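Trainee: Sequence and computational prediction follow.
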Amino acid sequence: MTADLTARTVDFKAGERNVFLHLLTACNLSCQHCYINPPQHGTETLPLATVLQWLELFARPEQQGNLILLGGEPTLHPDVGQIIRTAKSMGYSVTVDSNGYLFHDFLERVSPAELDYLSFSLDGPDATVNDPLRGEGVFAVCTENLRQAVQLGFRTSLIYTVSARNIDQLHRMPALLNDLGVQRFFIQVIGLRGKSARTVSVEEQWQVEPAHWLQVVPQVAQEAARAGIHVTYPKVFLEPDESFACAGQVAENYFIFPNGRVYQCPLCEDYPLHHLCIEENQLVKRNGLFEDRFFALDIAEGCVMNKLLQPDTLEYTAEGKPKHRISCCMLKQEILPQI
Ligand code: SF4
Ligand code: SF4
C-alpha cells in the first residue's frame with residue numbers, strides 16, 4: 001500500500017464545541033512571543049468553585065465538548081487535578097496545554113486515564129533554538145517531563161509555534177518527536193498578538209513570508225506523518241477553488257479569560273471586542289459593535305479580522321488584488337500517521 005500523505009482540510013463541524021479556558025494568566029516563563037495580555041485578560045487565578053460554575057455554562061451532557069485548559073501555565077493552578085476530573089464527569093474531552101514544567105506533581109496527581117491529551121509547547125528541536133524564545137533551560141525541562149509523561153502512559157502532543165525565528169529548524173522536529181514518543185504534532189503560525197505584536201525592528205520580525213511557509217511547513221508535516229505522528233497545521237492560504245468560512249459563524253469556539261471575557265475569534269483577544277462575557281456566573285451577550293458584527297462581512301482578502309487587525313500580513317498585486325485569500329485562523333489541515 002502506498003502512503004497517503006495528502007493533507008486534508010478539517011472542515012468546521014456544525015455543533016462541535018471547543019472551550020478554551022484560561023484558568024489564570026500567571027506563568028513561570030516569560031516567552032518572547034507570549035500572547036497573554038494581562039490588561040486585557042486579567043491577572044486573577046480563577047477559584048475552583050468559579051471554574052466549575054463556568055464549565056457548567058458550556059457543558060452539554062448530551063454531546064461531548066472539547067475542553068482545553070490553558071494559562072499562563074495551567075498546572076500552576078492548585079486544583080487542576082480536580083478541575084480535570086469534574087470536567088470529565090460533565091462530558092468534556094480534556095486537554096491540558098502546558099509549557100512542560102508540570103507543577104503541583106501533575107504526573108502523580110492526574111492519571112493517564114483521566115486526561116485525553118497532555119500537550120507540551122516547544123519552539124525548537126534543541127536548546128539553542130528553543131531557549132532564546134522560551135527561556136534558558138526550558139528545552140531540557142520540557143523534554144524530560146515529556147519523556148516521563150510518555151513513559152507513564154499519557155497521550156501526548158506537542159505544539160510548535162512557527163515564526164521567522166525558528167521556521168528553518170522545523171524540519172528537525174519529526175526526528176525529535178519520534179524519539180520522544182509524541183503522538184500528535186500541532187504546527188501553529190505565530191499570532192501577532194501580545195508581545196509579538198509589539199516588536200517592530202527588522203531583526204525582531206516574527207512574521208513568516210507566505211512563500212517560505214508553503215515551502216517548509218507542508219513538507220515537514222508529511223515527514224512527521226511518515227514517522228507515525230498525527231500532524232495538524234493551519235491552512236492560512238486558501239486555494240482559488242476553496243471556499244472561505246468564518247468559524248465565528250459556523251462553529252462553536254469559546255476563548256474564556258479569567259476576567260470573564262469570552263471571545264469567539266482569537267484574533268480579537270488583544271482588544272475589548274468580545275461579544276460575550278460571564279457576569280455573576282451567567283453568559284451574557286454584549287450589544288454593540290463587537291467581533292460578531294464583523295464575522296459575516298464578505299471581503300476579497302478572506303478573514304475580515306486579519307485585514308483589520310493584521311493588514312501587514314496581506315500582499316497585493318499591482319492591480320490591487322489580494323495575492324492570497326487568508327483562511328480563518330482556526331481552519332486546519334491534517335495528515336494522518338502512516339505507520
Ligand atoms: S508558557 Fe505560554 S503563558 Fe507562559 S510565557 Fe510562554 S507563551 Fe506565555
Ligand atoms: S479568524 Fe477571521 S474567519 Fe476566523 S473567526 Fe476570526 S474573523 Fe472569523
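Mentor: Perfect, I can see it now. Ligands and ions are numbered 1, 2, ... in the order given.

Trainee: how many neighbours does residue 173 have?
Mentor: 24 (other C-beta atoms under 10 Å). Any C-beta I mention is one placed from the backbone N, CA and C, and that applies to glycine too.

Trainee: just checking, it touches residue 229?
Mentor: No: at 9.4 Å, residue 173 does not count as touching residue 229 under the criterion of C-beta atoms under 8 Å.

Trainee: Touching both of those two, which residues are there?
Mentor: Common neighbours of residue 173 and residue 229 (criterion: C-beta atoms under 8 Å, 6 or more residues apart in numbering): residue 185.

Trainee: can you list the weak-confidence ranges in the stretch 151-300 of the chain?
Mentor: Counting by pLDDT under 70, the stretch 151-300 of the chain has low-confidence residues at 192-204.

Trainee: Contact residues of the protein facing ligand 2?
Mentor: Counting by C-beta under 6 Å from any ligand atom, the positions of the chain adjacent to ligand 2 are 246-248, 265, 267, 295, 303-306, 328-330.

Trainee: Contacts only, for whichever residue of the stretch 51-200 of the chain sits closest to ligand 2.
Mentor: Nearest residue of the stretch 51-200 of the chain to ligand 2 (C-beta to the nearest ligand atom) works out as residue 191 at 9.9 Å. Contact partners of residue 191, counting by C-beta under 8 Å, 6+ apart, are 35, 266, 267, 329.

Trainee: Look up how far residue 87 lies from it.
Mentor: The gap separating residue 191 from residue 87 is 26 Å, by C-beta to C-beta, to the nearest Å.

Trainee: cool, residue 36 as well?
Mentor: The gap separating residue 36 from residue 87 is 22 Å, by C-beta to C-beta.

Trainee: can you check residue 284 too?
Mentor: Taking C-beta to C-beta, one finds residue 284 at 22 Å from residue 87.

Trainee: Equivalent analysis for residue 296, please.
Mentor: Distance from residue 296 to residue 87, by C-beta to C-beta: 32 Å.

Trainee: Between the two, which has more neighbouring residues?
Mentor: The neighbour comparison of residue 296 against residue 87 (other C-beta under 10 Å) goes to residue 87, with 23 against 10.

Trainee: where does that one fall, phi/psi-wise?
Mentor: As for residue 87, its main-chain torsions (degrees, to the nearest 10) stand at phi -60, psi -40.

Trainee: That one touches residue 94, doesn't it?
Mentor: Yes: using C-beta under 8 Å, residue 87 is in contact with residue 94, at 5.1 Å.

Trainee: what's the overlap in contacts for those two?
Mentor: residue 67.

Trainee: for the protein, which helix is longest?
Mentor: In the chain, with assignment by DSSP state H, the single longest helix is helix 210-226.

Trainee: Would you mind pulling the contact partners of it?
Mentor: With C-beta under 8 Å, 6+ apart as the test, helix 210-226 has contacts from 3, 5, 7, 162, 167-168, 170-171, 173-174, 177, 185, 187, 189, 231, 233, 236-237, 315, 323-324, 333, 335-339.

Trainee: of the residues you listed, buried ones?
Mentor: 5, 7, 162, 167, 170, 173-174, 177, 185, 187, 189, 231, 233, 236, 324, 333, 335, 338 (16 or more other C-beta atoms under 10 Å).

Trainee: Of the residues you listed, which belong to helices?
Mentor: Counted as lying in helices by DSSP H, out of those, are 173, 174, 177.

Trainee: Nearest to ligand 1 among those residues?
Mentor: In terms of C-beta to the nearest ligand atom, no member of these lies closer to ligand 1 than residue 173, at 18.2 Å.

Trainee: which ones are touching the closest one?
Mentor: Counting by C-beta under 8 Å, 6+ apart, residue 173 has contacts 125, 160, 185, 220, 224.

Trainee: of these, buried ones?
Mentor: By neighbour count, with 16+ other C-beta under 10 Å, the contacts of residue 173 hold 125, 160, 185, 220, 224 as buried.
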